[in-house]
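J.: Predicted coordinates and the sequence they were generated for:
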Amino acid sequence: MTAQLLLTGATGRLGSLVAAELNRQGIGWRAFARRTDAALSLGASNVVQGDFHNLASVAKAVEAIRTVILIAGDAPDQELQEINVVNAAKQAGVQYIVKLSAQSAGLNPPASFGRKHIQVEQAIKDSGLQWTFIRPVFFQQSFLLFADSVQKNNKIILPAGKGAAAFVDARDVAQCLVKTASEAGHAGKVYTLTGPQSLTFAQAAFAIGDSRGRPVGYIAPPAFIARIVLPKVSGMPKWLAMEVIDLLQAISRGAQSKVTGDVQMLLGKPPRDFKSFAAEHVQSFKSV
Ligand SMILES: NC(=O)c1ccc[n+]([C@@H]2O[C@H](COP(=O)([O-])OP(=O)(O)OC[C@H]3O[C@@H](n4cnc5c(N)ncnc54)[C@H](OP(=O)(O)O)[C@@H]3O)[C@@H](O)[C@H]2O)c1
C-alpha cells in the first residue's frame, strides 16, 4: 500500500527527527524532497523529488495523500513555499494538514519568523482543510549553532538581554507532530510547545558550562550592535540574522518565558529538560 502521509522538510534538522519517529512507530510515509537519496536514507517509503517553487512537483507529492506534515526551512519566501503545498493539498483532496509553525506566530503582534508562519496558518484556515498548528518556542538544539563560539571563546553572545525562554527539545516537537498527525481529535487545535522550565540565556550558558566542566559566559550586546556584527561573524545571510535578532529581542521582553503543559498533555510524559540536552551534547561544547 502506498503511504498516505506526506512529510515535507524530512531532510532538515527537525524533519529528520520526525522521520525517525514515524519509522519508530512503523508509520509509512512519503517524502517530498529536493534530495531523493537523503530522503530514502531517512526511511521514506517513497519519495517525490521536487521543490516548493515547482508547482508540478508539489502537485505530484500530494497525490493520494490523506495527511500532510508541513515543514519548510526558514527562507525569505517561506510563506509562499508553504502556501504552494496548501493549495495543491486542497486541489488533491488531502484531508488534514499538521503545520509546523512557531510560538512567535501566536504573539500579538506576531514577531520574527512568526510573521511568515501566521500567513501560512491563515491560508490553511481559509482552505477549508482540517488542520493542527504546532507552535514550538526556541529549540534547545538551536544552541548547537553556538557550539563554535563556546568551544573557541567559552561564550555565548546574543542580544536576548535577561529574557528567559522555555527552550523545547526538538525531539519532543517531532513526537508531537507525529502524535497529532496519526490520531484523531487534534483538528482545529493549536499547541504551543515548551520545555519544562524557563531559563535565561545566562542560565542556559551556565548549564552548558556545568555539563562540560568549564564555565560558559553569556554576553548580551545591544540589538543595534548585533545587527552590524551578527551577519559578519555568523555567516548567516543578512535577512536571516535580522529575523534571529528580532526573535531574541522578543525573548528579551519575555515573549517565550511561559511554560505550557502541551507536550505533557500530548505525549503523556514531561518535556525533556535543558540540563539533559547539555549533558547529551557535551562533546559538541567541549573546548578546542
Ligand atoms: N530552530 C528553532 O528554534 C525553531 C523554533 C520554532 C520553529 N522553528 C521552525 O522549524 C522549521 C524547520 O526548521 P529546521 O531547522 O528543521 O529547518 P532546516 O534544517 O533548514 O530544514 C529545512 C527543510 O526544508 C527543505 N527545503 C528547504 N527549501 C526547500 C525547497 N525550496 N523545496 C523543497 N524543500 C525545501 C530542506 O531540504 P534540503 O535538505 O534539500 O535543504 C530541509 O529538508 C522552520 O520553519 C522554523 O521556522 C524553528
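T.: Ah, there it is. Just so it is clear, the model here is predicted, and its values are computed rather than measured.
J.: and the stretch 101-250 of the chain, which residues reach the ligand?
T.: Residues of the stretch 101-250 of the chain found near the ligand, taking C-beta under 6 Å from any ligand atom as the criterion, are 102, 113, 136, 138-139, 142. Backbone N, C-alpha and C define where each C-beta goes, glycine included.
J.: ok, and the most crowded of those residues?
T.: Greatest neighbour count in those, by other C-beta atoms under 10 Å, goes to residue 136: 29 neighbours.
J.: Torsion angles phi and psi at it?
T.: Dihedral pair for residue 136: phi -80, psi 160, per degrees, to the nearest 10.
J.: can you tell me the average pLDDT over stretch 146-155?
T.: Averaged across stretch 146-155, pLDDT comes to 94.
J.: what do you get for stretch 201-210?
T.: Across stretch 201-210, pLDDT averages out at 98.
J.: buried ones in that stretch?
T.: 201-202, 204-209 (16 or more other C-beta atoms under 10 Å).
J.: any chance you could map the helices in the stretch 151-288 of the chain?
T.: With DSSP state H, counting those that start in this stretch as the definition, the stretch 151-288 of the chain shows helices at residue ranges 170-182, 201-212, 223-234, 238-252, 262-267, 274-280, 282-285.
J.: Do any residues in the fifth one lie close to the ligand?
T.: No - looking at helix 262-267 against the ligand by C-beta under 6 Å from any ligand atom, there are no contacts, and the closest approach is 13.5 Å.
J.: Number the residues from 23 up from this point.
T.: Got it, first residue is 23 now, which makes that one helix 284-289.
J.: In terms of secondary structure, what does that helix contact?
T.: For helix 284-289, the helices and strands in contact under the criterion 3 or more C-beta pairs under 8 Å, 6 or more residues apart in numbering; DSSP states H and E are helix 192-204, strand 211-215.
J.: Just send these back as JSON lines, with mean pLDDT and mean neighbour count too.
T.: JSON lines is the format used below for the helices and strands packed on helix 284-289 (pLDDT from 0 to 100; neighbours: other C-beta atoms under 10 Å):
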{"stretch": "helix 192-204", "mean pLDDT": "98", "mean neighbour count": "23"}
{"stretch": "strand 211-215", "mean pLDDT": "98", "mean neighbour count": "20"}
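J.: so can I have CSV of these showing distance to residue 24?
T.: Written out in CSV, the entries for those read as follows (distance: least, C-beta to C-beta, whole Å):
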stretch, distance to residue 24
helix 192-204, 17
strand 211-215, 28
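J.: Dump the helices of the stretch 173-310 of the chain into JSON lines; add distance to residue 112 as well.
T.: Formatted as JSON lines, the entries for these read as follows, by distance: least, C-beta to C-beta, whole Å:
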{"stretch": "helix 192-204", "distance to residue 112": "18"}
{"stretch": "helix 223-234", "distance to residue 112": "41"}
{"stretch": "helix 245-256", "distance to residue 112": "38"}
{"stretch": "helix 260-274", "distance to residue 112": "28"}
{"stretch": "helix 284-289", "distance to residue 112": "26"}
{"stretch": "helix 296-302", "distance to residue 112": "38"}
{"stretch": "helix 304-307", "distance to residue 112": "42"}
